[in-house]
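In: task: produce atomic coordinates for the following.
(chains A and B)
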Number of protein chains: 2
Amino acid sequence: MKSAIRNPQSAISNLPIGIFDSGVGGLTVYRALHERLPNERFVYLGDTARVPYGTKSLATVERYAIENSKFLEAHGIKLLIVACNTASALALPAIREAVNIEVLGVIEPGARAAVQAAGGRAIGIIATEATVQSRAYARAIGAIDSSVTVIERACALFVPLAEEGWVDTEVTRDVATQYLAELANDGLGALVMGCTHYPILRQVIGAVIGDDVPLIDSGEATAQEVEIFLNTKKIAGTPREGLADERKLCDDLDHFYVTDAAERFAKVAERFLGSVPSVLEAVEVWGHDELRTN
Amino acid sequence: MKSAIRNPQSAISNLPIGIFDSGVGGLTVYRALHERLPNERFVYLGDTARVPYGTKSLATVERYAIENSKFLEAHGIKLLIVACNTASALALPAIREAVNIEVLGVIEPGARAAVQAAGGRAIGIIATEATVQSRAYARAIGAIDSSVTVIERACALFVPLAEEGWVDTEVTRDVATQYLAELANDGLGALVMGCTHYPILRQVIGAVIGDDVPLIDSGEATAQEVEIFLNTKKIAGTPREGLADERKLCDDLDHFYVTDAAERFAKVAERFLGSVPSVLEAVEVWGHDELRTN
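Out: Modelled structure (predicted):
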């Protein structure tokens, strides 16, 4: 009872949702959450001092993910979204052990949406090297329907292409063809964009893989599940009059933190979202105890 | 006299040369040093847990560079080479303050070689975002000859293309054309490859910029200056019979350390050098005092 008094349901409802990503890519997940949940506030952390995670090892990704999660937990959030596919693939168990809040990753929602869309046909996964090596999507899909064929492909150049702003160029089409031509011949029932940057290149990816193959955005799939989760737990944000209509991406109800190079983050954010965070702050998340005891 | 007795010149000569880089790119500098100095042993540190530096801020690059330098200093080296252009551009003064050994970066040797090759004509610099923003090459060239025009261009996609092994593909040629076409029209007297990865793409870069423009490899320029430095200071490695002929890249006289993902490092090393380090170890360099006091 004591904790219920200290944290009544309505107070929890008013807390923001925490989102962390290795860098700027998670903004596509933020956008999906923001669009679906206009009554929520968000606290976003981009670990830009240590980006990218996609080429790093399990132990390192776990350590970084725990530090990020503790930073957000200390800010008072009602739910933690691990927007980074690599961190979701590698570090969810470690994060859940380290913090005392609910944690949702993007892999399982993406896997569920893919199985639903594919109707029993093969599912393609495009992601970073680390996510592909983890086989996290294949395992998540196998747990739902073990008869589904899963074909995975690392697409290392998609992240720098998206960050460079080469969204619809000849080069990007050629790179996409290089990576996806084989997959396009596999008669896929769905293709999962298993990295937060990839939805930025959605047009080109869709054109190469074929219009008949549903593209699954794990961020959007996660936003759907977050909505259900908040309603089920009765901790959804209270609708405030007019707020939903007035909410804009990156307005001052949402707070953005980066571990480095805020200026570059703002520049890429504008490229990705069309707007720059109103509240953007550089912070340190490496707490040091973990570093010394690991 | 006491220190001379404890560290006689011959003992110093036998110490290895330390090299650090943000990751795997510095292997091109290692190769250049190894080729020119077959009597030397090398200790290489790749900070693969925090790579890349090229999109990070001054403060962060300084912190990482100091940690790397102290790690190598503790290994007993006679000279520290900062192979990473970004760290050379941003962190040399901070490194020199933090360690008690001689420190050489790659920017000034690259700048000197470029001025010599360009014969008064404009010099192009291609590098990472952070190196270009630092204007370190322009300043180094200006200090030698203030009348030389310097044109700088960040080429963010060259690093992932080199690491992906897309060395001579249609895509790489298109990307190079995109980045370099304007520079090619500027009547350059020399083009500096101001990032350790770029020599891997030397063929394509040369083809786009034109055969008549000398390509300056800052790693090679640095190796030349290291040779002179060692001879001047009389601390060059002692020729041992037959050793120079037998030395191979990555043999067990050279030790390689990485801060993460040794397996991936070995894979890219093979792609870059044609051989895998015989001695390769994953280590932690973040000591912790620096982290807490910064």
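In: and residue A:237, what are its phi and psi?
Out: Dihedral angles of residue A:237 (phi, psi; degrees, to the nearest 10) stand at phi -60, psi 140.
In: wait, doesn't it sit right on residue A:36?
Out: No: with contact defined as Cβ atoms under 8 Å, residue A:237 does not reach residue A:36; the gap is 11.8 Å. Any C-beta I mention is one placed from the backbone N, CA and C, and that applies to glycine too.
In: neighbour-wise, which of those two wins?
Out: Neighbour totals were compared for residue A:237 and residue A:36, and residue A:237 leads with 19 against 14 (other Cβ atoms under 10 Å in any protein chain shown).
In: quick check: closest non-adjacent residue to that one.
Out: The spatially closest residue to residue A:237, leaving aside those adjacent along the chain, is residue A:39, at 3.7 Å (Cβ to Cβ, 6 or more residues apart in numbering or on different chains).
In: need the contact list for the residue sitting nearest the centre point of chain A.
Out: The residue lying closest to the centre of chain A (Cα atoms, centre = their mean) is residue A:83, at 2.2 Å. Contact analysis of residue A:83 by Cβ atoms under 8 Å, 6 or more residues apart in numbering or on different chains lists A:19-21, A:25-26, A:29-30, A:106, A:196, A:219, A:222.
In: got the confidence number for it?
Out: As predicted, residue A:83 sits at a pLDDT of 98.
In: equivalent analysis for residue A:289, please.
Out: 44.
In: did I read that right, residue A:181 in a helix?
Out: Yes: looking at residue A:181 with DSSP: H, G, I helix; E, B strand; the rest coil, it is inside a helix.
In: what parts of chain A come near chain B?
Out: Where chain A comes near chain B, counting by Cβ under 8 Å from any Cβ of the partner chain, the residues are A:48-51, A:55-57, A:59-60, A:129, A:156-157, A:159-161, A:163-164, A:166, A:169-171, A:174-175, A:178, A:260-261, A:264, A:286, A:288, A:291-292.
In: buried subset of those, written for ChimeraX?
Out: In ChimeraX, this line selects whichever of these come out buried by 16 or more other Cβ atoms under 10 Å in any protein chain shown:
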select /A:48,49,50,51,55,56,57,59,60,129,156,157,159,160,161,163,164,166,169,171,174,175,178,260,261,264,286,291
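In: just the residues of chain A next to chain B: which are in helices?
Out: Within the residues of chain A next to chain B, residues falling in helices by DSSP state H are A:59-60, A:129, A:159-161, A:163-164, A:170-171, A:174-175, A:178, A:264, A:291-292.
In: related to what we said a few turns ago, the residue nearest to residue A:237 contacts residue A:245, doesn't it?
Out: No: the pair residue A:39 / residue A:245 is not scored as a contact, 11.2 Å apart, by Cβ under 8 Å.
In: out of the two, which sits in the busier spot?
Out: Higher neighbour count among residue A:39 and residue A:245: residue A:39, with 14 against 7, using other Cβ under 10 Å.
In: out of the ones in helices among the residues of chain A next to chain B, which one sits closest to residue A:74?
Out: residue A:291 (16.9 Å; Cβ to Cβ).
In: what about residue A:9, how many neighbours?
Out: 10.
In: may I ask which helix or strand of chain A has the lowest mean pLDDT?
Out: helix A:289-293 (a mean of 38; mean pLDDT, DSSP states H and E).
In: next, the distance between the ends of stretch A:77-96.
Out: 14 Å (Cα to Cα, to the nearest Å).
In: show me which residues of it are buried.
Out: Per 16+ other Cβ under 10 Å, stretch A:77-96 contains these buried residues: A:77-92, A:94-95.
In: from the residues you listed, which land in helices?
Out: Short answer: these in helices (DSSP H) are A:85-92, A:94-95.
In: residue A:124 should be in a helix, yeah?
Out: No: in this structure, residue A:124 is strand, not part of a helix, as judged by three-state DSSP.
In: state the distance from it to chain B.
Out: 19 Å (Cβ to the nearest Cβ, to the nearest Å).
In: give the contact list for that residue.
Out: Per Cβ under 8 Å, 6+ apart, neighbours of residue A:124: A:150-153, A:183, A:186, A:188, A:190-192, A:209, A:213.
In: which one is residue A:275 nearest to, not counting chain neighbours?
Out: Counting by Cβ to Cβ, 6+ apart, the residue nearest residue A:275 is residue A:250, at 4.4 Å.
In: pretty sure that neighbour is in a strand, no?
Out: No: counting by three-state DSSP, one finds residue A:250 to be coil, located in no strand.
In: ok so, going back, most widely separated two among the ones in helices among the residues of chain A next to chain B?
Out: The widest separation within those (Cβ to Cβ) is 49.8 Å, between A:170 and A:292.
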